[in-house]
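Visitor: show me the folded form of this:
(one chain, ligands or ions: 1)
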Amino acid sequence: MAEAPAVVGVLGAGTMGSGIAQAAALAGARVLLHDPASEALDRGLATARANLERGARSGRWSAEESAAAAQRLDAAPELGALAPCDLVIEAAPESLELKQEIFSQVAGVVAERCVLATNTSSLSVTAIAAGVPGPERVVGMHFFNPPALMVLVEVVPGAESSDEALAVAQAAAGAMGKEVILAADVEGFLVNRCNRPFGLEALRLLEERVAPFEQIDRIVRMAGGFRMGPFELMDLVGVDVGLEIARSFWEQSFGEPRWRPSPIAARTVAAGRLGRKSSRGYYTYGEGRHRPDDPVGPESGGGDGRLVVIGGEATVAAELLELAAEAGWDAREPEDAEGEVPAFILDCGAALDGPALQGGPQAILCATGSLAALDPAGSAVGFHALPPLAETAAVELTRGPGSSGAAVRGAEDFFASIGLHAEWVGDAPGLVLGRIVAQVVNEAAFALGEGVGDAADIDKGMRLGLGYPRGPLEWADAIGLDHILAVLEALNDEYREERYRAAPELRRLVAAGRLGAATGGGFH
Ligand SMILES: NC(=O)c1ccc[n+]([C@@H]2O[C@H](COP(=O)([O-])OP(=O)(O)OC[C@H]3O[C@@H](n4cnc5c(N)ncnc54)[C@H](O)[C@@H]3O)[C@@H](O)[C@H]2O)c1
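Guide: Just a heads-up that it's a prediction; the model follows:
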């Protein structure tokens with residue numbers, strides 16, 4: 001393990017640079033902050049100092065620590081002042097030529113052992129390093145916004161990065177109290193790459209009119225446990241910024257179908273609806289909140305000893321049996337209810353050669369297909385929910401032209417009895433959340449197979465970098481990898497698009513019977 005650098009230079013005193021300088025000073029380094037725009041430098045320094053004081057007031061660190069950090073933090077109006085640095089972190093505007101030029105200038109000022117780290121989020125570390133004398137000392141250190149508070153840093157080796165340079169970057173991030181993950185130098189590194197489908201699949205659902213954007217967001221919050229839905233997040237980041245990132249993924253990958261930018265995003269930008277910053281994106285921002293609070297789910301209970309039959313091998317079936325029993329239902333598997341007339345039936349992919357699931361209104365799990373594919377001309381409704389159900393507040397329901405009133409009422413009654421708020425959406429394999437999560441897991445499985453990062457770092461990165469309620473791979477292990485693969489296969493079948501091809505890593509695990517926690521192992 002390398003020692004944390006004693007003198008750290010930060011280039012660019014904007015949003016990221018100011019926060020990185022603050023974190024480095026708190027970590028005990030002497031920090032030299034440089035920006036060619038003197039107003040930007042003054043503002044960046046003032047922001048870092050104000051945030052140090054604010055942190056002390058709110059008890060994040062002591063007043064002494066704040067004062068000492070502020071003492072260690074200095075402006076470096078001239079680049080030459082960076083000569084004593086052991087590490088220089090660059091947070092200048094996102095331009096390859098600019099970053100190459102800055103590092104080349106700095107390389108002429110600092111000692112040879114000084115590590116040059118770029119905070120780029122979309123450029124190639126290798127490409128930046130290629131224009132710099134001594135490319136082995138150039139690495140990526142990707143912070144998350146706001147950098148002083150977000151605890152994740154992706155350390156990214158370029159093609160020429162030396163082990164020593166990587167160790168210095170890791171030690172510096174560690175000293176700042178950051179969790180470090182190692183990510184390959186590919187589009188979006190690890191975290192932003194794995195998160196691509198969160199927005200893109202939500203836009204596809206909107207395009208197909210499976211649900212309006214407010215409802216997609218509500219489902220992702222209530223059923224998925226995310227703090228923000230994908231459209232709120234796109235508005236926050238900037239719809240134009242998101243579209244640019246999508247374009248860059250698409251171009252850098254020479255047209256990967258999973259990363260195709262959304263025409264809806266392009267139209268939204270063309271209309272000047274850029275998100276919060278223009279007071280209008282998908283939502284309108286003015287006085288008050290942009291959306292209502294989420295509804296509170298029903299109290300569980302009310303099964304009243306009625307018979308509910310729940311069939312299928314999916315983990316969700318086992319969880320539903322348990323919740324139904326807790327809510328007072330006489331909850332049984334099909335083989336324990338032969339010849340009886342249930343009040344309601346939930347088919348979670350029951351085996352075709354098993355006992356018949358009939359004699360009552362039905363809801364079918366839309367994992368292996370849409371309701372239209374699974375119950376052609378039938379009277380059932382469709383539903384979808386992802387384990388762990390104990391951490392879910394909503395279920396998604398869908399109906400077709402043939403769905404009976406009894407099935408509609410039965411599904412609403414059953415899911416309310418187990419404490420879940422119901423959202424009626426259009427028909428599609430996995431409905432809304434299942435489809436987004438299946439694609440996020442798929443992207444993570446591709447990234448894993450391509451060596452972009454390991455399973456532990458993928459999960460840690462998504463939790464700490466983006467506030468995911470759980471890492472996608474640990475989530476997949478809880479859901480069941482066969483369930484995820486079923487949704488992907490059904491999407492692939494229905495759309496015949498390469499976008500929905502399942503990652504080889506996921507297929508191989510399912511083929512080997514490693515289906516997740518229920519089988520003792522999956523991705524983990
Ligand atoms: N904002 C984010 O959420 C975020 C997150 C992760 C990474 N990044 C990356 O961090 C970098 C900076 O982003 P930001 O949001 O802080 O931008 P910003 O516009 O807030 O700040 C950039 C600063 O760089 C200064 N600058 C211009 N030319 C310079 C030069 N030659 N040398 C040094 N400084 C120069 C500008 O005056 C400005 O103060 C970009 O590469 C961006 O991709 C941003």
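
Visitor: for residue 426, which non-adjacent residue is spatially closest?
Guide: In space, residue 426 comes closest to residue 210 once its chain neighbours are excluded; the distance is 4.0 Å by Cβ to Cβ, 6 or more residues apart in numbering. Glycine gets a C-beta too; all of them are placed from N, C-alpha and C.

Visitor: quickly find the element holding the one you found.
Guide: Counting by DSSP states H and E, there is no helix or strand that carries residue 210.

Visitor: residue contacts, it?
Guide: 425-428, 431-432 (Cβ atoms under 8 Å, 6 or more residues apart in numbering).

Visitor: next up, phi/psi of it, please.
Guide: Phi and psi for residue 210, reported as degrees, to the nearest 10, are phi -70, psi -30.

Visitor: okay, it: pLDDT?
Guide: On pLDDT, residue 210 comes in at 98.

Visitor: how close does it sit to the ligand?
Guide: Residue 210 sits 30 Å away from the ligand, taking Cβ to the nearest ligand atom, to the nearest Å as the criterion.

Visitor: quick one: buried ones out of the contacts of residue 210?
Guide: Buried residues within these, defined by neighbour count using 16 or more other Cβ atoms under 10 Å: 425-428, 431-432.

Visitor: all helices of the stretch 301-450 of the chain, in order?
Guide: Taking DSSP state H, counting those that start in this stretch, the helices of the stretch 301-450 of the chain run over residues 315-326, 371-374, 405-417, 433-449.

Visitor: list the buried residues of the shortest one.
Guide: Applying a neighbour-count criterion of 16+ other Cβ under 10 Å, one finds 371-372, 374 buried in helix 371-374.

Visitor: tell me which residue in the chain sits closest to the ligand.
Guide: The ligand sits closest to residue 14 of the chain, with a gap of 1.8 Å, by Cβ to the nearest ligand atom.

Visitor: who's in contact with that residue?
Guide: 35, 40, 44, 91.

Visitor: from those residues, which land in helices?
Guide: Residues of the contacts of residue 14 located in helices (DSSP state H): 40, 44.

Visitor: which of the contacts of residue 14 are close to the ligand?
Guide: 35, 40, 91 (Cβ under 6 Å from any ligand atom).

Visitor: okay, now the first one: neighbour count?
Guide: Look at residue 35: counted by other Cβ atoms under 10 Å, it has 24 neighbours.

Visitor: so it makes contact with residue 18?
Guide: No - look at residue 35 against residue 18 with Cβ atoms under 8 Å: they stay out of range, at 9.2 Å.

Visitor: which residues do those two both contact?
Guide: Contact with both residue 35 and residue 18 is made by residues residue 44, according to Cβ under 8 Å, 6+ apart.

Visitor: find the nearest non-adjacent residue to residue 439, please.
Guide: residue 197 (3.6 Å).

Visitor: so that neighbour touches residue 442, yeah?
Guide: Yes - using Cβ under 8 Å, residue 197 is in contact with residue 442, at 7.4 Å.

Visitor: how close does the residue of the chain closest to the ligand sit to residue 145?
Guide: Residue 14 sits 11 Å away from residue 145, going by Cβ to Cβ, to the nearest Å.

Visitor: in strands only, show me the contacts of residue 210.
Guide: Per DSSP state E, strands hold no members of those.

Visitor: max pairwise distance over these: which two?
Guide: The largest separation in the contacts of residue 210, counting by Cβ to Cβ, is between 427 and 432 at 11.0 Å.

Visitor: quick revisit: TSV for the helices of the stretch 301-450 of the chain, including distance to residue 523?
Guide: Conversion of the helices of the stretch 301-450 of the chain to TSV gives the following (distance: least, Cβ to Cβ, whole Å):
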stretch	distance to residue 523
helix 315-326	15
helix 371-374	27
helix 405-417	29
helix 433-449	7
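
Visitor: related to what we said a few turns ago, for the residue nearest to residue 439, what are its contacts?
Guide: Contacts of residue 197 (Cβ under 8 Å, 6+ apart): 258, 436, 439-440, 442-443.

Visitor: and whatever helix or strand it lives in, what's buried?
Guide: Using DSSP H and E, residue 197 maps to helix 196-207. If you call a residue buried by 16+ other Cβ under 10 Å, then helix 196-207 has these buried ones: 196-206.

Visitor: sorry, back to before: tell me which of the helices of the stretch 301-450 of the chain sits most buried.
Guide: helix 433-449 (a mean of 26; mean count of other Cβ atoms under 10 Å).

Visitor: ok, the residue sitting nearest the centre point of the chain to residue 159 distance?
Guide: Nearest to the geometric centre of the chain sits residue 195, at 4.3 Å (Cα atoms, centre = their mean). Distance of residue 195 to residue 159, computed by Cβ to Cβ: 25 Å.

Visitor: again with residue 371
Guide: Counting by Cβ to Cβ, the gap from residue 371 to residue 159 is 49 Å.

Visitor: over to residue 142. Which of the three states is it?
Guide: Of the three states, residue 142 takes strand under DSSP: H, G, I helix; E, B strand; the rest coil.

Visitor: am I right that it is in contact with residue 119?
Guide: Yes - the criterion here is Cβ under 8 Å, and residue 142 meets it with residue 119 at 6.2 Å.

Visitor: these two: who's more crowded?
Guide: Legend: neighbour count by other Cβ under 10 Å for residue 142 and residue 119, higher for residue 142 (27 against 23).

Visitor: against residue 447, how distant is that one?
Guide: From residue 142 over to residue 447 the distance is 15 Å, taken as Cβ to Cβ.

Visitor: residue 411 too?
Guide: In this view, residue 411 and residue 447 are 36 Å apart by Cβ to Cβ.

Visitor: try residue 33
Guide: According to Cβ to Cβ, residue 33 stands 34 Å off from residue 447.

Visitor: likewise for residue 318?
Guide: 29 Å.

Visitor: need the buried ones from the contacts of residue 14 selected in ChimeraX.
Guide: Burial among those is assessed by 16+ other Cβ under 10 Å; the matching ChimeraX selection reads:
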select :35,44,91
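
Visitor: ok, which pair from the contacts of residue 14 is furthest apart?
Guide: Spanning the widest gap among these are 40 and 91, at 11.3 Å by Cβ to Cβ.

Visitor: didn't residue 56 look like it was pressed against residue 63?
Guide: Yes - counting by Cβ under 8 Å, residue 56 does reach residue 63; the two are 4.6 Å apart.

Visitor: those two: who's more crowded?
Guide: The residue with more neighbours, out of residue 56 and residue 63, is residue 56; 18 against 12, by other Cβ under 10 Å.

Visitor: which residues are contacting the helix or strand the more buried one falls within?
Guide: Using DSSP H and E, residue 56 sits within helix 38-57. The contact list for helix 38-57, computed with Cβ under 8 Å, 6+ apart, reads 13-14, 17-19, 21-22, 25-26, 33-35, 61-63, 65-66, 69-70, 73, 75, 77, 148.

Visitor: so which of those sit within strands?
Guide: Counted as lying in strands by DSSP E, out of the contacts of helix 38-57, are 33-34, 73, 75.

Visitor: so which of those comes closest to residue 347?
Guide: residue 33 (61.7 Å).

Visitor: ok, now which ones touch that closest one?
Guide: Residue 33 neighbours (Cβ under 8 Å, 6+ apart): 9-10, 13, 17-18, 21, 41, 44-45, 48, 73-76.

Visitor: ok, 10 Å please
Guide: 8-13, 17-18, 20-22, 24-25, 41, 44-45, 48, 73-77, 81-82, 91 (Cβ atoms under 10 Å, 6 or more residues apart in numbering).

Visitor: can you select the buried ones from those residues in PyMOL?
Guide: Buried subset of the contacts of residue 33, written as a PyMOL selection, criterion 16+ other Cβ under 10 Å:
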select buried, resi 8+9+10+11+12+13+17+18+20+21+22+24+25+41+44+45+48+73+75+76+81+82+91
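
Visitor: from memory residue 318 sits against residue 518, does it?
Guide: Yes - Residue 318 is within contact range of residue 518, at 7.8 Å (criterion: Cβ atoms under 10 Å).
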